[in-house]
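# Need the 3D shape of this:
(one chain, ligands or ions: 1)
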Amino acid sequence: MASMENLPVVLFHRRSSYTLALKDRLSPHFHLLDPFDTQEPISSFLSVHGYSIRALLCVGYTPITSETLNFLPSLELIVAGSAGVDHIALQECHRRGITITNASLAFAEDAADHAVGLLIDVLRRISAADRFVRAGSWPVMGDFPLGFKLGGKRVGIVGYGSVGSEVAKRLAAFGCNIAYNSRKRKPSVPFPYYENVHNLAVDSDILILCCSLTKETHHIINEGVMKSLGKGVIVNVGRGSLVDEKTLVQFLVEGKLGGAGLDVFENEPHVPKEMLCLDNVVLSAHRAVFTPESFEALIELCLANLKAFFSNEPLQSVVKIE
Ligand SMILES: O=CC(=O)O
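Numbers count the residues shown, from 1 in each chain. Model (predicted):
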């Protein structure tokens with residue numbers, strides 16, 4: 001193994017200790033500078049080490065602000081260990097020509113499985129029935145209410161990137177009618193394209209949110225869209241702030257929406273308490289993308305991108321900033 005001095009330097013930017021497996025796997029290949037290991041404030045660490053750093057690995061959702069970037073004048077690459085990159089100062093990266101790669105290639109299948117799981121759970125009331133059976137209610141209250149069939153439903157996918165396309169593949173196999181909304185029509189996608197999410201909602205029974213959170217997509221699911229969806233179901237595996245959560249709660253409580261399957265929330269880890277007692281809402285704790293398998297794929301992707309960068313090879317999963 002090369003001595004650490006000869007290895008390419010990578011800033012290992014994290015704010016918790018749970019990702020040590022990632023560090024173990026990368027450290028034979030890179031000299032990882034990890035401010036979290038020191039007692040120093042990040043600003044003093046970066047003012048000493050930041051000047052020559054060309055590549056940064058962003059672990060989880062550790063924020064990368066414009067102030068952080070000011071300490072890193074030589075930065076060329078951010079390898080994000082997440083699919084969403086809303087915790088990174090994208091416009092500043094764009095202005096400075098810093099390339100960002102994300103983890104959507106590693107995470108898309110698991111995120112799509114989770115979205116479909118939430119949807120089936122909402123429609124067929126699996127978690128609600130589980131609570132009913134465990135509470136001993138079946139012999140007392142009799143038959144549990146029927147759920148709804150998935151096949152044949154009109155599903156609008158909001159955001160047709162790697163996660164959205166995996167969701168489409170799965171739900172097409174279930175016999176759903178798929179349509180999608182994204183920034184641009186994708187010529188190779190065989191499903192109807194809606195430029196406007198309102199019109200997509202009018203023509204859908206279910207909306208599945210798979211897009212990234214940006215200024216443009218913040219509260220993309222607002223009161224008007226919820227009204228257009230009528231008694232439909234919303235599934236969100238993107239980011240909480242894609243949805244106007246206050247209005248979502250109100251619509252669910254008042255029975256104006258059919259249900260929701262939510263992995264993400266506006267103020268995580270806090271979930272609006274009104275949702276906790278609604279049987280047509282299925283909740284998970286921002287875990288859609290994570291499995292041991294996807295974590296392994298993430299490690300391989302991070303390794304591949306960092307190695308490619310230091311050998312001037314093409315990168316995978318590059319984020320387009322517009
Ligand atoms: O939410 C998960 C991710 O962005 O990776």
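
# where exactly do the strands run in the stretch 201-322 of the chain?
According to DSSP state E, counting those that start in this stretch, the stretch 201-322 of the chain carries its strands in the segments 206-209, 233-236, 259-262, 281-283.

# My error: substitute the stretch 51-200 of the chain in the last question.
Under DSSP E, counting those that start in this stretch, the stretch 51-200 of the chain gives strands at 55-58, 77-80, 99-101, 154-158, 177-181.

# With the ligand as the reference, name the closest of those strands.
Minimum separation from the ligand across the strands of the stretch 51-200 of the chain (Cβ to the nearest ligand atom) falls at strand 77-80, 8.1 Å. For the C-beta atoms, the positions are set from N, CA and C on the backbone; glycine is no exception.

# Would you mind pulling the contact partners of the closest one?
Strand 77-80 is contacted by residues 54-58, 64, 88, 93, 98-103, 302, 305-306, 309, 315, 319 when judged by Cβ atoms under 8 Å, 6 or more residues apart in numbering.

# near the ligand, which of these show up?
Ala103 (Cβ under 6 Å from any ligand atom).

# Pull up the residues of this protein that are close to the ligand.
Near the ligand, when you scan the chain using Cβ under 6 Å from any ligand atom, you find Ser82, Ala83, Gly84, Ala103, Phe107, Val289.

# what about 5 Å?
Ser82, Ala83, Gly84, Val289 (Cβ under 5 Å from any ligand atom).

# ok, which pair from these is furthest apart?
Gly84 and Val289 (9.1 Å; Cβ to Cβ).

# Show me the shaky parts of the stretch 1-150 of the chain.
1-3, 18 (pLDDT under 70).

# What segments of it are helices?
20-26, 42-49, 66-70, 90-96, 104-124, 126-134, 137-141 (DSSP state H, counting those that start in this stretch).

# Let me have the strands of the stretch 51-200 of the chain in a markdown table, extended by distance to Leu123.
Listed next are these as a markdown table, based on distance: least, Cβ to Cβ, whole Å:
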| stretch | distance to Leu123 |
| --- | --- |
| strand 55-58 | 36 |
| strand 77-80 | 33 |
| strand 99-101 | 35 |
| strand 154-158 | 11 |
| strand 177-181 | 15 |
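
# now those strands as a markdown table including mean neighbour count?
Converted to a markdown table, those look like this (neighbours: other Cβ atoms under 10 Å):
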| stretch | mean neighbour count |
| --- | --- |
| strand 55-58 | 25 |
| strand 77-80 | 25 |
| strand 99-101 | 21 |
| strand 154-158 | 25 |
| strand 177-181 | 21 |
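
# OK, contacts around Ala83?
So Ala83 contacts Asn102, Ala103, Ser104, Phe107, Ala108, Ala111, Ser162, Val163, Ser212, Val289 (Cβ under 8 Å, 6+ apart).

# Neighbour-wise, which one of the residues of the chain next to the ligand leads?
When neighbours are taken as other Cβ atoms under 10 Å, the top entry among the residues of the chain next to the ligand is Ala83 (28 neighbours).

# Next, the contact list for the nearest residue to that residue once chain neighbours are set aside, please.
Closest residue to Ala83 apart from its sequence neighbours, by Cβ to Cβ, 6 or more residues apart in numbering: Ser104 at 4.3 Å. Counting by Cβ under 8 Å, 6+ apart, Ser104 touches Ala83, Gly161, Ser162, Val163, Ser317.

# can you name the two of the residues you listed that are farthest apart?
Most distant of these, by Cβ to Cβ, are Val163 and Ser317, 12.2 Å apart.

# what about these two, which has more around it?
A side-by-side neighbour count of Val163 and Ser317, using other Cβ under 10 Å, places Val163 first with 30 against 21.

# and the nearest residue to Arg239 once chain neighbours are set aside, how many neighbours?
Nearest residue to Arg239 in three dimensions, chain neighbours excluded: Leu213, at 3.9 Å (Cβ to Cβ, 6+ apart). Per other Cβ under 10 Å, the neighbour tally for Leu213 reads 21.
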